[in-house]
Structures are given as structure tokens and as C-alpha cells.
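Enquirer: Compute the structure for the input listed below.
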Amino acid sequence: MEKTQNRQQTVYGLRPVMEALESGVQIERVWLQNGLTGSLSGELRRMLKERGVPAQYVPVERLNKLAPGNHQGVVAAVARVAYRNLADILEASGEGTLIVMVDRVTDVRNMGAIARTAECTGVAALVMPDHGSAAINDDAVKTSSGALLRLPLCREQNLKTAVNMAKQYGFQVVGSTEKGPVHYRKVDFRKPTLLIMGNEETGISGDLLRLCDIKARLPIAGEVASLNVSVAAGVMMYEAYEQRTGGAGE
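Expert: Numbering: from 1, shown residues only. Below is the predicted model of the structure:
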């Protein structure tokens, strides 16, 4: 069955969710009831894994709020956006291409603000993990002023694999970190660049940071340790934009 919850479309029930997956409907994420068993649920879990759809086990009370009725222990949120294939974005890239990767950014308003600036500065795509990332919901779309509906989005099962793929296509990988040895204005963003922004609390994960070719810092004059991730991303993206346009992008 289908319904609309706060303007977000959901599909619920074992067979309806499986049929949605088979028909090619893009699913944002799926909530499964704790302790759900049976052959159909096993088949659904296999389908979710094959398609890289995030799944979360929750109490039945949570499902009852999402989809009152006979949800059979399964509720799926239909994606608000159509996700793109990262390999296709990389294949079509050229000099000055900037792709932004967000590592575990969980606040929907930060995600929306990053997407808004990315769209304004000509970023080629926004890459996010399929687990542990902010949902692309109404709040995120509203904060982005609709940019999330226009900007190419890529959802990747493994960000390390995505980074290595970008390197194979000749991209330099720049990590934004307050401990970086390179001032952000010393980065040559005229080269094809994958810019990684870390989450709101701990920054870029160690595994991704080790893959960075350049660790770039934004100077901090005050006592606060770091900038908000959407502000830091905005500074970096506009530096890249200025370099690509020679400061003549008005």
C-alpha cells in the first residue's frame, strides 16, 4: 500500500515494497520491525542489500506512526530525488570539475545548505553514503531552496570505493580539516577535484582522510575549534568557483 506522510510518499507491506523495488522505484530507506522473520522478509532483505538501499530495524511503535494499518513490519520511504551513477558523472568530467562528498553529515539543514551552495557554484555532483547520512526529506529540500531536486546526487555504499574511483579518473582528493597543513587558498581547484567534507562532530573519518591527496584547512581566529560544516563547505566551494572563473563569475 501507499500513503503520504508529511508530503513524503511511503510504501508499506512486504509485497508492495518488494514490487516497488522490482519496478525500479527509487527507495530512500526502509524501516523493518525488530525481530521480523519469514521467507518473504528474507527475500526483501536480499533485495535491499543487492540494491544498496539502507535498512533500519525499529520497534513496531515507530512503524505504526509511519504507516498506521497493516504494514506487515515493513515501511519504505520513496526517494524525493533520482540518484545518479557516480561513474557516469566522472566519465563526463573535465578540467575544473568539482564533486563534493559529504561524510556522515546527518543534519538535514546542513545537507540542504551544502546542496544550495553546490548548485550555485556549479558543482557537478553531491556524493553521500547510503548509511549514516541525512535523509533527503522535505526539510532538506526546503533548506536547499530546491537545489536538491536539481543537483545531481550520488548515493554510494562505500565512500572509500567512490574515492578510489575518482582517483582512477584523475581527480585530486581534497579533505577539509582544521588540522590540514595546506591553506585552502593554496589548493589548485582548476584541476578535477573531489572535495570531502566531514560530519558535524568528528570531521572526516580516518579511512577517508588517509586517501586524501591534500588536507586543506580554513584558518580559525576565534576560540571555537571549527566552522559549521555547511559554512566550511561554502567557503571551499566558492574558492573553487573563483579559481575556475578567474574571479569573473558575476
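Enquirer: what about the strands in this structure?
Expert: 2-5, 8-12, 27-33, 55-58, 74-78, 98-102, 125-129, 153-156, 172-176, 182-183, 193-197, 214-217 (DSSP state E).
Enquirer: Turn the ones you listed into CSV, including mean pLDDT, mean neighbour count and distance to Ala92.
Expert: For every residue, glycine as well, the C-beta is placed using N, CA and C. Compiled in CSV, the strands of the chain are given as follows (pLDDT from 0 to 100; neighbours: other CB atoms under 10 Å; distance: least, CB to CB, whole Å):
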stretch, mean pLDDT, mean neighbour count, distance to Ala92
strand 2-5, 44, 13, 35
strand 8-12, 80, 20, 30
strand 27-33, 90, 21, 25
strand 55-58, 92, 14, 31
strand 74-78, 90, 23, 27
strand 98-102, 98, 26, 11
strand 125-129, 95, 24, 10
strand 153-156, 92, 21, 13
strand 172-176, 97, 24, 18
strand 182-183, 96, 12, 28
strand 193-197, 98, 28, 15
strand 214-217, 96, 20, 24
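Enquirer: which one of those strands lies closest to Ser230?
Expert: strand 193-197 (8.6 Å; CB to CB).
Enquirer: can you tell which of the strands of the chain is closest to Arg84?
Expert: The nearest among the strands of the chain, by CB to CB, is strand 153-156 at 5.4 Å.
Enquirer: Adding distance to Ala162 as columns, could you present the strands of the chain in JSON lines?
Expert: Listed next are the strands of the chain as JSON lines, based on distance: least, CB to CB, whole Å:
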{"stretch": "strand 2-5", "distance to Ala162": "31"}
{"stretch": "strand 8-12", "distance to Ala162": "26"}
{"stretch": "strand 27-33", "distance to Ala162": "19"}
{"stretch": "strand 55-58", "distance to Ala162": "20"}
{"stretch": "strand 74-78", "distance to Ala162": "23"}
{"stretch": "strand 98-102", "distance to Ala162": "7"}
{"stretch": "strand 125-129", "distance to Ala162": "6"}
{"stretch": "strand 153-156", "distance to Ala162": "4"}
{"stretch": "strand 172-176", "distance to Ala162": "10"}
{"stretch": "strand 182-183", "distance to Ala162": "22"}
{"stretch": "strand 193-197", "distance to Ala162": "8"}
{"stretch": "strand 214-217", "distance to Ala162": "17"}
